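Q: coordinates for the following, if possible.
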Amino acid sequence: MQKIPYIVTAVTIILAALFAILNRFWADFVYFTFSCLLLLALFWGAWQILQYFTTFKVELQERFKLYKAQKVNSGVVTKEDFEKNLTVYEKDFKKRVLKDKFVKWFVIMFCFAVAAAFVIAMILQ
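A: Purely as a prediction, here's the structure:
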């Protein structure tokens, strides 16, 4: 499952390069090139969404456990106090990871913006 995006990317780039080379012989191969790159951008956007809702959520849960351990081990708060004020600490943790979530969603939006650019390029070609 880990190698799927790299295999899809390699195959799609090879196809796009082949169609770009064949563009010298028939000008309409440019549409095949753009469609390959469009599919690649859509694939990466969908893959990033899938990774966000599966792997990234689990990673955030693990990071919260680490955050809890750091708070308790630093001596600032006891484990019982942490459990009593769990909502306060969850809110503080969410503020800390907001940047990471923003970057993830920015990457997803970038993938779909690239896909939209290829659609516009096919229309204007």
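Q: how about the residue nearest the centre of the chain: what's its closest non-neighbour residue?
A: Nearest residue to the geometric centre of the chain (CA atoms, centre = their mean): Gln48, 3.2 Å. Leaving aside its chain neighbours, Gln48 sits nearest to Ile108 (4.7 Å; criterion: CB to CB, 6 or more residues apart in numbering). All C-beta spots, glycine's among them, are computed from the backbone N, C-alpha and C.
Q: distance of the one you found from Ile4?
A: Using CB to CB, to the nearest Å, Ile108 is found at 18 Å from Ile4.
Q: which of those two has more neighbours?
A: Ile108 (18 against 10; other CB atoms under 10 Å).
Q: quick one: contacts of the worst-scoring helix or strand of the chain on mean pLDDT?
A: For the chain, using mean pLDDT, DSSP states H and E, the weakest element among its helices and strands is helix 79-84, scoring a mean of 85. If you take CB atoms under 8 Å, 6 or more residues apart in numbering as the criterion, helix 79-84 is touched by 68, 71-72, 89.
Q: buried members of those into PyMOL, please.
A: Typed into PyMOL, the line below selects the buried ones among the contacts of helix 79-84, using 16 or more other CB atoms under 10 Å:
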select buried, resi 68+71+89
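Q: tell me what the lengthiest helix in the chain is packed against?
A: As assigned by DSSP state H, the longest helix anywhere in the chain is helix 86-124. Applying 3 or more CB pairs under 8 Å, 6 or more residues apart in numbering; DSSP states H and E, one finds that helix 86-124 contacts helix 29-51, helix 57-73.
Q: hmm, try it at 10 Å
A: helix 29-51, helix 57-73, helix 79-84 (3 or more CB pairs under 10 Å, 6 or more residues apart in numbering; DSSP states H and E).
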